[in-house]
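K.L.:
Pasting the sequence and the predicted model now:
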There are 2 protein chains.
Amino acid sequence: MDKKALYALSYGVYVVTTWDNGRPTGCTANSAMQITSSPATIAVSVNRDNYTNGVIAESGHFAVNVIAEDSDPTVIGRFGFFSGRDTDKFDGVPYSVKGAMPVPDTACAYICCKVVDKMETSTHTVFLGEVLDAGVVGSGRAPMTYAYYHNVIKGKTAKNAPTYQGD
Amino acid sequence: MDKKALYALSYGVYVVTTWDNGRPTGCTANSAMQITSSPATIAVSVNRDNYTNGVIAESGHFAVNVIAEDSDPTVIGRFGFFSGRDTDKFDGVPYSVKGAMPVPDTACAYICCKVVDKMETSTHTVFLGEVLDAGVVGSGRAPMTYAYYHNVIKGKTAKNAPTYQGD
């Protein structure tokens, strides 16, 4: 098996946010996709070792925030390489509440969901969310693709990501 | 809800293939993503109205074929806008068998999977496949992104796609 074939799949760069008893938290994700169009639903894959996983399961809500290409990459790292278990990830990260969910200013679009189903796999939970609210932030800001993150920003992939390929 | 926010998610362009009692068939898809890294698993969303859906459920196997950017767009249309129920979709489409699955020549990478789980939604089945084989075809062929398909090729989205947004 040539694992390089898996690199050929295309993704965006997202921060999945939720509320941890009134405190905003979240994690970086790239595996998110629309599943149905009417009603609109979104699936996102989150590692069970991620603190955000349990918080989404408990709160029953998440937002997929689409990170803009012009974002400061340290925000992606902050959400991807630290844990909300012992870090206030939103400390120093400007955000606003949209669709009742925390939306970092680095997002060019947000999709707020209510968990309607989930599928457990060996390491990750696939949360299926029905879209309750969604919006575009600013105008003309391009979404960052995973290819851009890797090839232009030279960003790294966290060990807990579905697309982690080893060191 | 501003549905334009959903356009900000990034995707590739794929043809999901399978065997229909020895006959190759398949459908165009854009909602496919890696779910776990070890073992590698892939989720793909296929409308239950698509003939391919039932064939995957019955055969228990599918391949996600990553369409190269330089592909003839009529192949994408052939797999996206006709039904394998009454059409031999591979008629006139060059392909070879790799990892025991049909791989059209327009693919720059293929990922062959065994179905290990599935999640039913209102209209689509999310198949979870464990990767049995995967490979890159040719060298240096860029994967087509959904953005390229829409913006450069001016491709359309089929009604059965998760990302269909109405006429």
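P.N.:
Now that the structure is in, tell me what you want to look at. Residues are numbered from 1 along each chain as shown, chains lettered A, B, ... in the order given.
K.L.:
The lowest-mean-pLDDT helix or strand in chain A near chain B anywhere?
P.N.:
Least confident helix or strand, chain A: helix A:73-81 with a mean of 88, by mean pLDDT, DSSP states H and E. No: figure legend: helix A:73-81 not in contact with chain B (Cβ under 8 Å from any Cβ of the partner chain); closest approach 14.4 Å. (Each C-beta comes from the backbone N, C-alpha and C, glycine too.)
K.L.:
got the residue ranges for the strands in chain A?
P.N.:
With strands called from DSSP state E, chain A shows them at A:14-20, A:23-29, A:32-37, A:40-47, A:61-67, A:95-98, A:101-104, A:107-120, A:124-136.
K.L.:
contacting residues around the fifth one?
P.N.:
With contact meaning Cβ atoms under 8 Å, 6 or more residues apart in numbering or on different chains, strand A:61-67 is reached by A:12-19, A:26, A:29, A:32, A:42, A:44, A:56, A:75-76, A:98-104, A:106-115, A:127, A:129, A:143-144, B:5, B:8-9.
K.L.:
outside of stretch A:68-80, which residues touch it?
P.N.:
With Cβ under 8 Å, 6+ apart, stretch A:68-80 has contacts from A:13, A:15, A:26-28, A:67, A:89, A:93, A:104, A:106-108, A:138, A:141-145, A:148-149, A:153, A:155, A:158, A:161.
K.L.:
again but with stretch A:16-28, I slipped
P.N.:
Taking Cβ under 8 Å, 6+ apart as the rule, stretch A:16-28 contacts A:13-15, A:29, A:32, A:44, A:46, A:50-52, A:55-56, A:59, A:61-65, A:76-77, A:79-80, A:84, A:88-90, A:95, A:101-104, A:158, A:160-161.
K.L.:
cool, and stretch A:138-153?
P.N.:
A:10-13, A:30, A:66-71, A:73, A:76, A:108-109, A:155, A:157, A:163, B:8-10, B:145, B:147.
K.L.:
Filter those residues down to the buried ones.
P.N.:
Among the contacts of stretch A:138-153, those classed as buried by neighbour count (16 or more other Cβ atoms under 10 Å in any protein chain shown) are A:10-13, A:30, A:66-68, A:71, A:73, A:76, A:108-109, A:155, A:157, A:163, B:8-10, B:145, B:147.
K.L.:
that older thread, ranking the strands of chain A by burial, who's on top?
P.N.:
strand A:61-67 (a mean of 28; mean count of other Cβ atoms under 10 Å in any protein chain shown).
K.L.:
Mind listing the strands that strand pairs with, and their directions?
P.N.:
strand A:14-20 (antiparallel), strand A:107-120 (antiparallel) (DSSP bridges).
K.L.:
JSON lines for the ones you listed, including mean pLDDT?
P.N.:
What follows is the strands paired with strand A:61-67, written out as JSON lines (pLDDT from 0 to 100):
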{"stretch": "strand A:14-20", "mean pLDDT": "97"}
{"stretch": "strand A:107-120", "mean pLDDT": "98"}
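K.L.:
could you dump the ones you listed to TSV with distance to residue A:38?
P.N.:
Listed next are the strands paired with strand A:61-67 as TSV, based on distance: least, Cβ to Cβ, whole Å:
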stretch	distance to residue A:38
strand A:14-20	22
strand A:107-120	14
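K.L.:
between those, which one is nearest to residue A:36?
P.N.:
Closest approach to residue A:36 among those is made by strand A:107-120 (10.4 Å; Cβ to Cβ).
K.L.:
Could you tell me the angle between the closest one and strand A:32-37?
P.N.:
Angle, strand A:107-120 to strand A:32-37, by axes from the mean of the first three to the mean of the last three Cα atoms, to 10 degrees: 80 degrees.
K.L.:
what's the distance between strand A:107-120 and the middle of its chain?
P.N.:
Taking Cα atoms, centre = their mean, to the nearest Å, one finds strand A:107-120 lying 9 Å from the centre of the chain it belongs to.
K.L.:
just stretch A:111-129 next, same as before
P.N.:
12 Å.
K.L.:
same question, stretch A:6-14
P.N.:
That offset, for stretch A:6-14, works out to 13 Å (Cα atoms, centre = their mean).
K.L.:
Likewise for stretch A:47-57?
P.N.:
Distance, centroid of stretch A:47-57 to centroid of chain: 12 Å (Cα atoms, centre = their mean).
K.L.:
I'd like the average pLDDT over it.
P.N.:
For stretch A:47-57, the mean per-residue pLDDT is 96.
K.L.:
Output that stretch as CSV, nothing but the C-alphas.
P.N.:
Taking C-alpha atoms only, stretch A:47-57 is exported to CSV below (Å, rounded to 0.1, in the frame of the first residue of the first chain):
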residue,chain,number,x,y,z
ASN,A,47,-9.8,12.0,17.8
ARG,A,48,-11.2,10.6,21.1
ASP,A,49,-7.9,11.7,22.8
ASN,A,50,-8.8,15.3,22.0
TYR,A,51,-10.4,17.1,24.9
THR,A,52,-12.8,18.7,22.4
ASN,A,53,-14.3,15.3,21.6
GLY,A,54,-15.8,14.7,25.0
VAL,A,55,-17.0,18.3,25.2
ILE,A,56,-18.9,18.0,21.9
ALA,A,57,-20.4,14.7,23.0
